[in-house]
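S.K.: please find the sequence and the predicted model below.
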Amino acid sequence: MTPFEIGLLFSGLLVVLVLIGVRVAFAAALIGLFGLITIQAQRLGFDKGLLVAIKLAGTIPHSKSTTYALSLIPTFILIGYLAYYAGLTKSLFEAAKRWVGWLPGGLGVATVFATAGFAAVSGASVATSAVFARIAIPEMLKVGYDKAFAAGVVAAGGTLASLIPPSAILVIYAIIVEQSVGQLLLAGFLPGAVSALIYAGIVIGLAKWRKDLGPPVGGFTWRQRFESLPGAMPIFAVVAIIIYCIYFGWGTPTEAGALGAFVVLVMAVWKGMRWGELKGALMESAKLTVMIFTIIWGVLLYVRFLGFAGLPETFAEWIAGLDQPRIVTLLMILAAYAILGMFMDAIGMLLLTLPVVYPAVIALGYDPIWFGIIVVKMAELCLITPPIGLNCFVVAGVRPDISVQDVFKGASPFFIADVLTVAVLIAFPEIVLWLPNKIAGG
Amino acid sequence: ATTWNASLWGKRRAFTEHMEKLSELVAQKSNGEFQIKLHYGAALSKNRENLDGISIGAFEMAQFCAGYHRDKNPTITVLELPFLGVTTLEQEIKLSNAVYSHPATQKDLARWNAKLLMPSPMPQYNVAGTGAAPTSLADFDGMRIRATGGIGQAFKTVGAVPTSVTSSEAYNALESGVVDSVAFAPHAHLAFRTVDIAKWWTTNLNPGTVNCPIVANIDSFEALSDENKEILMSSIPEALDHYLAKYGEVYDKWGPVLEENGVQKIDFPQAEIDAFRESAATPAREAWIKDMEAKGVPAQELYDLVVKTLNE
Amino acid sequence: MASTTVRTDDSLLSKADRQIFRVESTLNLMAGLVVFTLMILAVAQIVGRKVFNLPIPGFIDWVEQFMVVFAFLGVAYCQRLGGHIRMDILIGRVRGRPLWLAEVVGVLLMMIAVGALVYGSYLHFERALTIGDSTIDIALPTWPAKLMVPVALGLLWLRLLVQLIGYGRAFINGEEIPIAVPMIEDAAAVAKREAEEAMGLSLDELEGRGKDPDGGDKDKGARS
Ligand code: NA
Ligand code: NA
């Protein structure tokens, strides 16, 4: 067998292992190890090849995990917990309600904007949905919102957290494809905002079309509106600090993220967070962090094997050589992601596919930063699609009175919104690239 | 047929052109019987682990830079001492070859099962910065500079503040003012776009550079037929000539880029450079020799070899 | 803190499980504390540089050396609580013996990978220690960080051994709920737990409802 064939065969085996429930990080590590053994054994004979492969594999966990840019990931995870303790979620929703509640589907629009705001301090989509399921859904139901609709808005709004920085998944993408973490984080801002606006548009449109979905809530005076702002201010303060910090030379993007987390920590302590809660937050952050690092090095072990097998280059050459417009190829890749996303976790899906897909997309001439935002948007899409859209399960889990089927139903219009967003980003790549180019000079 | 894999990082660029040429020549001279396959993008190993990969026998050839891990290759770091007085790539090649063929160096690298084949000569570092251009050494006092290892230490002796920033964050750090200046080899200034925002640029400080050899796995080399060994070794000079030509093209682009970006070129008077060299080079050298002798490296001998070769 | 269901009893296996869990928890807390310290250090770095023009020398080198703590030390803890992600779309549909068999196979495969990596990463450490290796900027030795990897993976291997016995016993005896292994949960329960963990506390507590300390009531929803 040629190394390329070995690469294909073992990649197929990896899919089998993942399907039968072997934990993704270790399935990838095992396949990477076996693949390296096979390739090295062909070169050097079995005994020597086995030893070379094991030694080679043994360098990867340390080598791949101690990359400076990855040091941001645990900080981004921690910041989400801290924001919750700092009481930022409730005050955000309250402010959004007073300002945009008068619109058709006003509380839904408020939910979208509040989740977008919370996204600026939260790196995790699932957590965002969970928090707002408890804050926003009761208020919506109180004024007569349709259950499925209310739940769907929350499930979809949560996905904004991965696009709007800080975002763990954007950092992971940057590491895998060796692009600037800072640029990717900056690139997420505007698409996140566009995505939120499209969500809000869908909510307003639906509420106008079917009056029973969600009535407006009016009657807030300007005074009440302005009174709601100080509570939500910290979010804007954190965003401002991060951008100011980068723009005016206080720190690199890496350091700015840590500073943002620190500011939220101070707020959380001020609001009464104590050692018990902090310890809980640290334990959970550490657990989530090690899970992410394990899957990173596990998958990179598999990627190292692919490198020896020469699979990514060959696939990229094949894709680039296809006799069809590149947009058709891109759309096929995105469709594949949409289908894969139905069955896979977002981070796992990106890690497993990017090593092969990314070189191909770049060979087509697409921009690496732009593709990062597109592919993360695709990965977020899978959080609201059946059968295992995690955000929908979270919402249903928090609200026992709403069935998972209802949440999926309520979230389905946002699937269309996401397709629309991706189309907009494909048509106007400047939305993604303007801010990183502006700040990092193109 | 014999196929070697070579581990490289980054894209194909002037810095890897000798490998491209070597691969081409070897295949040509052996009628395709001996192939060197180049793997870019750190597909086989991260650059800091290339020596580990050679030692393991995971691939047969690799490129690395001594400064990435001084303790892996203490002998070669003599070539990275600040202010050796190197000005051209040809000198860099001559010095590297002299040090590479010293028995102590070969013994050092043999610990990794590595045989030194040829250098990837790098131009001297230049400092590019924003803010007021330094006209004398005193102007470096308090300046935050992105410079690692020995070059960072050298600038510290004139009062500059070496600051940790990754190379990919260098642009951002310089633009925002996290650092005031960045020390890179010219091609890195191009690659990381620091020239796009720098206001000034030092032309003749020649503070030093990194040394980046190409090595082969000793066992693999010994296993080559005599004919292939000869083909490989005899192709090296031509590969290096090709490298120099390609680097020349980078230099041709260089002047216009600086011009276009309105970067002011700073020539330091010889007296200032001598003073800098005096304050930085001597302590750095003495510390290095003391440190290395403690590790059993014939440091004085290696340093004398460098000086002698340079004066030849 | 939310935890996945792990059944305990008086058996030797369960005792071993809990002893190891104590070590795992301590290491995981260390990882959390390093994350916290890193955040504080980054702020100190910004302030030091901006206000006093005194950046922390070799900041990146230090961070890279300490990252290994949160990248690895919690790896066994995470496995104990079933935290490493997997796809249970198929495995979530079987119960009893077939399920325990699948788990045994999965754990065995993990043990092969982890065992090989313990050896390989030990050799990686050994090279750094005996031949020498140091960081780019301030030449910190890298062997202590490299040593963390085989240590953490060794502990994970022990944890896997406990789980192998747990699942193996369940398979042989046809147990309904095995000892010392995380229970498989359906997607709804996983989602709910993740949401809880995302906030470091239980949603049930917030809703003012009681919480089963072993989380045994979470098995509801899609699968039933
Ligand atoms: Na976010
Ligand atoms: Na899904």
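M.R.: Structure received. Ligands and ions are numbered 1, 2, ... in the order given.
S.K.: going by C-alpha atoms from here, please, whenever you check contacts or count neighbours.
M.R.: Fine.
S.K.: correct me, but A:V217 touches A:G108?
M.R.: No: counting by Cα atoms under 8 Å, A:V217 stays clear of A:G108, with 10.6 Å between them.
S.K.: neighbour count: the two, which is higher?
M.R.: It is A:G108, of A:V217 and A:G108, that has more neighbours when counted by other Cα atoms under 10 Å in any protein chain shown, with 36 against 18.
S.K.: before we move on, what SS does that one have?
M.R.: helix (DSSP: H, G, I helix; E, B strand; the rest coil).
S.K.: look up how far chain C lies from it.
M.R.: From A:G108 across to chain C, the span is 21 Å (Cα to the nearest Cα, to the nearest Å).
S.K.: got a pLDDT number for the spatially most central residue of chain A?
M.R.: In chain A, the residue lying closest to the centroid (Cα atoms, centre = their mean) is A:S162, at 3.3 Å. Note for A:S162: predicted pLDDT of 86.
S.K.: I figured it hits A:A168, correct?
M.R.: Yes: assessed by Cα under 8 Å, A:S162 is found in contact with A:A168 at 7.1 Å.
S.K.: tally of neighbours for residue 211?
M.R.: Let's take chain A. Neighbourhood size, A:K211 [other Cα under 10 Å]: 13.
S.K.: that was the other one, I meant chain B.
M.R.: Close neighbours of B:N211, defined as other Cα under 10 Å, add up to 23.
S.K.: can you check the one 5 residues further on too?
M.R.: Here the count is done by other Cα under 10 Å, and B:A216 has 25 residues near it.
S.K.: residues in contact with A:R223?
M.R.: A:R223 makes no contacts at all, as judged by Cα atoms under 8 Å, 6 or more residues apart in numbering or on different chains.
S.K.: the longest helix in chain C is where?
M.R.: Ranked by residue count, the top helix of chain C under DSSP state H comes out as helix C:12-52.
S.K.: around chain A, pick out the residues from chain B.
M.R.: Chain B comes close to chain A at residues B:43-46, B:49, B:53, B:56-58, B:168-169, B:171-173, B:175-178, B:196, as judged by Cα under 8 Å from any Cα of the partner chain.
S.K.: and stretch A:137-157, average pLDDT?
M.R.: 90.
S.K.: same deal with stretch A:364-381?
M.R.: The average pLDDT within stretch A:364-381 is 91.
S.K.: if we can go back for a sec, by contact count, what packs against the longest helix of chain C?
M.R.: Packing partners of helix C:12-52 (3 or more Cα pairs under 8 Å, 6 or more residues apart in numbering or on different chains; DSSP states H and E): helix A:72-85, helix A:253-270, helix A:275-309, helix C:59-72, helix C:75-80, helix C:143-173.
S.K.: nearest to chain A: which residue in chain B?
M.R.: Closest residue of chain B to chain A, Cα to the nearest Cα: B:S176 (3.8 Å).
S.K.: that residue and A:L44: what is the separation?
M.R.: Distance, B:S176 to A:L44, by Cα to Cα, to the nearest Å: 52 Å.
S.K.: who's more crowded, the two?
M.R.: Shown here are B:S176 and A:L44; by other Cα under 10 Å, B:S176 has more neighbours (22 against 15).
S.K.: spatially central residue for chain C, please.
M.R.: What sits nearest the mean C-alpha location of chain C, by Cα atoms, centre = their mean, is C:C78, with 2.1 Å.
S.K.: confidence score at residue 178?
M.R.: Since you didn't name a chain, this refers to chain A. Looking at A:E178, its pLDDT reads 74.
S.K.: let me rephrase: I mean chain C.
M.R.: The confidence metric pLDDT takes the value 87 at C:P178.
S.K.: hang on, it packs against C:D9?
M.R.: No: C:P178 is beyond contact range of C:D9, at 10.2 Å (criterion: Cα under 8 Å).
S.K.: could you list the buried residues of the helix or strand harbouring B:L95?
M.R.: Using DSSP states H and E, B:L95 sits in helix B:89-100. Neighbour counts over helix B:89-100 (16 or more other Cα atoms under 10 Å in any protein chain shown) mark B:89, B:92-100 as buried.
S.K.: switch the residues you listed over to TSV; also include distance to A:L184 and pLDDT.
M.R.: Listed next are these as TSV, based on distance: Cα to Cα, whole Å; pLDDT from 0 to 100:
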residue	distance to A:L184	pLDDT
B:L89	37	95
B:E92	38	95
B:I93	39	97
B:K94	43	97
B:L95	42	97
B:S96	40	97
B:N97	42	97
B:A98	45	97
B:V99	43	98
B:Y100	42	98
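S.K.: for the residues you listed, which one is nearest A:V194?
M.R.: The shortest approach to A:V194 among the buried residues of helix B:89-100 belongs to B:L89, at 51.4 Å (Cα to Cα).
S.K.: once you drop chain neighbours, what's closest to that closest one?
M.R.: Spatially, and ignoring its direct neighbours in sequence, B:L89 is nearest to B:P121 (5.8 Å; Cα to Cα, 6 or more residues apart in numbering or on different chains).
S.K.: any idea how far the one you found is from B:V250?
M.R.: Distance check for B:P121 against B:V250: by Cα to Cα, it reads 14 Å.
S.K.: so for these two, which sits in the more crowded spot?
M.R.: Just comparing B:P121 and B:V250: by other Cα under 10 Å the higher neighbour count belongs to B:P121, 25 against 16.
S.K.: A helix includes that one, no?
M.R.: No: counting by three-state DSSP, one finds B:P121 to be coil, located in no helix.
S.K.: OK, contacts around it?
M.R.: B:89, B:92-93, B:211-212.
S.K.: what of A:R210?
M.R.: By Cα under 8 Å, 6+ apart, A:R210 has no neighbours at all.
S.K.: got it, and C:I46?
M.R.: The contact partners of C:I46, by Cα under 8 Å, 6+ apart, come to A:250-251, A:255, C:55.
S.K.: give me the subset of these that also touch chain B.
M.R.: Answer for those near chain B (Cα under 8 Å from any Cα): A:250-251, C:55.
S.K.: that older thread, B:G129 is in contact with the residue of chain B closest to chain A, correct?
M.R.: No: applying Cα under 8 Å as the test, B:S176 and B:G129 come out as separate, 11.8 Å apart.
S.K.: among the residues of chain B next to chain A, which are located in helices?
M.R.: B:53, B:56, B:171-173, B:175-176.
S.K.: quick check: A:D418 touching A:A196?
M.R.: No: contact between A:D418 and A:A196 fails when scored by Cα under 8 Å: they sit 9.9 Å apart.
S.K.: for these two, indicate the residue with more neighbours.
M.R.: Neighbour comparison, A:D418 and A:A196: the larger count goes to A:A196, with 26 against 21 (by other Cα under 10 Å).
S.K.: how many residues are close by the residue of the stretch 201-312 of chain B at minimum distance from chain C?
M.R.: Per Cα to the nearest Cα, B:K295 is where the stretch 201-312 of chain B lies closest to chain C, at 10.8 Å. By other Cα under 10 Å, the residues close to B:K295 number 12.
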